[in-house]
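Peer 1: Build me a structure from this.
(2 chains)
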Amino acid sequence: MRMSKLFVQTLREFPSDAEVMSHKLLVRAGYIRKLTNGVYNYLPLMWRVLKKIENIVREEMDAAGAQELLMPFVQPSELWQESGRWEVYGKELMRLKDRHNREMCLGPTHEEVITSIGREGIRSYKQLPVNLYQIQSKFRDEIRPRFGLLRGREFIMKDAYSFDADEEGLDKSYEIMAKAYKKIFERCGLETKMVQSDSGAIGGSVSHEFMVLVNEESENNAGENDVFYCTKCGYSANSNHAVSILNPAETDGHFDKAQITDTPDVHSIEELSQFLKVPSSVICKCLIYVIDGKYVAALIRGDRTVEETKLMNVFAGNDIRIARNDEIEEIMNNSGFSAIAGFIGPKGLKGVEIVADETVKELKNFVIGINQTDKHLTGANWGSDVELPEKIADIRLVEQNDKCKDCGAELKVTKGIEVGNIFKLGTKYSKAMNATFTDKDGQEKPFIMGCYGIGISRTAAAAVERHHDEYGIKWPVSIAPYKVIVVPVSDQDEKQMSVAEEIYNKLIEAKIEVLLDDRQERAGVKLKDADLIGIPYRITVGKTILDNLVEFKERATNVTQTISPDEAVQRIINIS
RNA sequence: CGGGAUGUAGCGCAGCUUGGUAGCGCACCUCGCUUGGGACGAGGGGGUCGCAGGUUCAAAUCCUGUCAUCCCGACCA
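Peer 2: Model prediction:
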């Protein structure tokens, strides 16, 4: 491709509305352009990158025995009613009506559609297992789209769905996908970590995420997830799912008797700890949440933090948020109290479900709110002063240096970009939607399903996050839009131009994806653009061509060498 | 949903306090000159100042509303 004809506009400055590097660079280098909030045009260079990633995904999915198909982007509400998700999916589901006033939605994922395909097409266990996948745009009306391609509302995703006759079959299908994913990301030039995670709105039991770790890059960290991992045994999990052994802390408040103590204007745990001169770990924190519209009080040791996803899962909820002050007021009114936030306790709460984290069980002579403003109960004990809630669960956020539950070593935390995820769905959708097959024994049984996603556009952005420098992008060769760019320094110099053309033609002949910068620009512009766009190899034809020498540059390392044009061509051909 | 900020040419921005008919850099077009790291000179094109009302002889500027975008928070008990 000749640069003079290539549809690309590079910018001299970074766009003002971009925060993370992948967003800044992809816009500046002319790969993407925002159409509206969270929705981007993929310009020709970007589209080449996306197709590269898609093809790697296709090759590995096909090799793993999956078959590609394409499902509609617009889906009827009926299917979502069947699965029960029409009600629970929430505002992220973009709903619309057709001319007959029928309710439809834009596909944020395709479990419902694939389940309907499975139940129509698979009648017998003899047809199983089946794994079907597609590569397609998804639309999720995110609360807050950001970071360019990393969290858009419309994005390209590969989603695969497996159907098996039994759990063993699913385990096998899951294992095959886990292996395929590892290979896919490796081929894309991305090192990933497979971590345990919460299964979220998709539903199901077991799930893992593939994370690109980005902690090393200090400024503008694009990693939206905290990943906890054990340095010894390899345990790793998303913070929404990670568990640990209770960290040791002072659990005895050393108050000699239970009594109501004045704590005027002391609202936070930190203030309370300072005021009473006790460690925060002997304070029993009580947080009021709203889960699917219902009030929940969560008790946790004062030095620890509630993990909202874990808490929500205790109640099998879909939506969680901390209660507003007016809601706390309502609870107080209903329970015959009048305390404000900061002094809430579990005792006597009406219309509120109570759950306690494991951390509060062992507390002795502790401090707790009693629904009286400016007062706390000190020296409290379970049973005699406050009832220990029946519901006890692990609802705490793991912290760095907590001990690994598998081996006892210390856990560390790092930031990650989730580029892929795999779920064991089980029978969640097949049961709800009555998708069954006839098993060996003649019995009608629901499919045991799994689903497997890869964010294609996010993977591209993650690659930029991982591979760039101050001058621009450094694409891994496997997903670069072009492999090599030939740059004649002066378009006035006939010799330089003719050699550049010659190299260009030889590379085309060898079926190499090559750019020729034949623009009438000064050398600086062409060299800057080559770095910015991030083509992995550059062959620069300058004055030294009189000695039959060109410059060969590898973008990944920025190492340059002076070699003959023929050798440069040969080197490119040898790099596959 | 709450808080903060911003909307002026394709991109980056100034002008607004103190109202007077819109400007700078980059990009774009023409000519000259220049060619190893985003040159230079001369000339030129491009903007209903987010939108809608209001105040005024006069509004990018003041007032009201609205829409959009960006950032932060979503942990205070």
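Peer 1: In chain A, what residue lies closest to RNA strand B?
Peer 2: At 2.0 Å from RNA strand B, A:Gly542 is the closest residue in chain A, using CB to the nearest atom of the strand. (Glycine included, C-beta is placed from N, CA and C.)
Peer 1: how much space is there between the closest residue in space to that residue that isn't next to it in sequence and A:Val550?
Peer 2: Leaving out its chain neighbours, the residue that sits closest to A:Gly542 by CB to CB, 6 or more residues apart in numbering is A:Val489, at 4.0 Å. Taking CB to CB, to the nearest Å as the measure, A:Val489 falls 10 Å from A:Val550.
Peer 1: Which one of those two is surrounded by more residues?
Peer 2: Taking other CB atoms under 10 Å, A:Val489 and A:Val550 do not tie; A:Val550 has more neighbours (28 against 22).
Peer 1: That one contacts A:Ala568, doesn't it?
Peer 2: Yes - contact between A:Val550 and A:Ala568 holds when scored by CB atoms under 8 Å: they sit 5.4 Å apart.
Peer 1: Spell out which residues are contacts of both of the two.
Peer 2: In terms of CB atoms under 8 Å, 6 or more residues apart in numbering, A:Val550 and A:Ala568 are both contacted by the residues A:503, A:539.
Peer 1: if we can go back for a sec, list the residues that contact the residue of chain A closest to RNA strand B.
Peer 2: A:488-490, A:496, A:523, A:550-551.
Peer 1: Out of those residues, name the ones that lie in helices.
Peer 2: A:496, A:523 (DSSP state H).
Peer 1: And the buried ones among the contacts of A:Gly542, selectable in ChimeraX?
Peer 2: In ChimeraX, a selection of the buried entries from the contacts of A:Gly542 looks like this (16 or more other CB atoms under 10 Å):
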select /A:488,489,496,550,551
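Peer 1: So which of the contacts of A:Gly542 would count as near RNA strand B as well?
Peer 2: When contact is defined as CB under 7 Å from any atom of the strand, those meet RNA strand B at A:489-490, A:523, A:550-551.
Peer 1: which secondary structure element contains A:Val486?
Peer 2: Using DSSP states H and E, A:Val486 sits within strand A:484-488.
Peer 1: quick revisit: with the ones next to RNA strand B among the contacts of A:Gly542 in mind, which one is nearest to A:Asn334?
Peer 2: A:Ala523 (75.8 Å; CB to CB).
Peer 1: Against A:Asp402, how distant is the residue lying closest to A:Val367 once chain neighbours are set aside?
Peer 2: Of all residues not flanking A:Val367 in the chain, A:Ile283 sits nearest, at 4.4 Å (CB to CB, 6+ apart). Using CB to CB, A:Ile283 is found at 19 Å from A:Asp402.
Peer 1: More neighbours: which of those two?
Peer 2: Remark: of A:Ile283 and A:Asp402, A:Ile283 carries more neighbours, 26 against 22, as counted by other CB under 10 Å.
Peer 1: How about the contacts made by the more buried one?
Peer 2: Counting by CB under 8 Å, 6+ apart, A:Ile283 touches A:269, A:272-273, A:301-302, A:366-368.
Peer 1: okay, A:Ala237: pLDDT?
Peer 2: Looking at A:Ala237, its pLDDT is 91.
Peer 1: the domain parsing of chain A - what is it?
Peer 2: A:21-185+A:425-466, A:259-393, A:482-575 (automatic domain parsing).
Peer 1: Compare the ones you listed and report which one is nearest to A:Ala409.
Peer 2: The nearest among the domains of chain A, by CB to CB, is domain A:259-393 at 20.1 Å.
Peer 1: got the end-to-end distance for the closest one?
Peer 2: End-to-end distance for domain A:259-393, by CA to CA, to the nearest Å: 28 Å.
Peer 1: repeat for stretch A:243-253
Peer 2: Across stretch A:243-253, first to last residue, CA to CA, it's 26 Å.
Peer 1: What lies in contact with that stretch?
Peer 2: A:228, A:237, A:278-279, A:281-282, A:301, A:303, A:358-359, A:362-367, A:378-379, A:394, A:398-399, A:401-405, A:408, A:411.
Peer 1: what about the longest strand in chain A?
Peer 2: Secondary structure of chain A read by DSSP state E shows that its longest strand is strand A:411-426.
Peer 1: Just checking: what are the partner strands of that one?
Peer 2: strand A:207-213 (antiparallel), strand A:225-230 (antiparallel), strand A:448-455 (antiparallel) (DSSP bridges).
Peer 1: Show me which residues of the stretch 301-450 of chain A sit near RNA strand B.
Peer 2: Counting by CB under 7 Å from any atom of the strand, the stretch 301-450 of chain A sits next to RNA strand B at A:305-308, A:321-323, A:325, A:328, A:341-344, A:369, A:397.
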